[in-house]
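**Student:** how would this look folded up:
(one chain, ligands or ions: 1)
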Amino acid sequence: MPTLTKLYDLKEAGEHNTRDDCWVVVDGKVYDVSSYLDEHPGGDDVLLRATGKDATDEFNDAGHSKDAIQLMEEFCIGELDPSDTPEEESSSDKKADLTKKFRDMTLQYWAIPVGILGISVIACLFFMRRK
Ligand code: HEM
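**Tutor:** The predicted structure is shown next:
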């Protein structure tokens, strides 16, 4: 059965970042906490600071009770659009990235010893000629 959940992207949710209109995103869900700002035991400032980003970590770090988690459902207005999340790097991109890293590393680890060896050989030849 199709769901009637409203989908938002993070940018859109982040535009609601004032005292009168404040949305937060926790665990992929979007909450309109405008009417709860003054009642929030953790303060209105934390909620206002949590706008415009995924506030799941901050929410979990505050150690919310089961009651708080139940209460927040009252403010849920929708979910984050899953198609809005940054795309996974394709495997060919990853391969190209690895090859580049390997090439850089090879250059980094070989260029110095080869340079020193080259200078030593030139110095050796120079002194041998002088004798
Ligand atoms: C709809 C969303 C939210 C609801 C309903 C809610 C509710 C509550 C409640 C009821 C408490 C009291 C303690 C408890 O019972 O757990 C609380 C405390 C707190 N909340 Fe929230 N909260 C919400 C979102 C957030 C977010 C997004 C953050 C952080 C960005 C946050 C940070 C805090 C902090 C720091 C405390 C104080 C913890 C303490 O005193 O130790 N809350 N919240």
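**Student:** which one's the longest helix in the protein?
**Tutor:** helix 91-130 (DSSP state H).
**Student:** what's the mean pLDDT across it?
**Tutor:** Averaged across helix 91-130, pLDDT comes to 80.
**Student:** before we move on, what SS does the residue of the chain found nearest the ligand have?
**Tutor:** Taking CB to the nearest ligand atom as the measure, the point where the chain comes nearest the ligand is residue 42, at 2.4 Å. (Each C-beta comes from the backbone N, C-alpha and C, glycine too.) Secondary structure for residue 42, judged by DSSP: H, G, I helix; E, B strand; the rest coil, is coil.
**Student:** and it, how many neighbours?
**Tutor:** Residue 42 has 13 neighbouring residues, counting by other CB atoms under 10 Å.
**Student:** just give me the neighbour total for the spatially closest residue to residue 44 that is not a sequence neighbour.
**Tutor:** Counting by CB to CB, 6 or more residues apart in numbering, residue 37 is the residue found nearest to residue 44 once chain neighbours are left out, at 4.0 Å. If you count neighbours by other CB under 10 Å, residue 37 ends up with 17.
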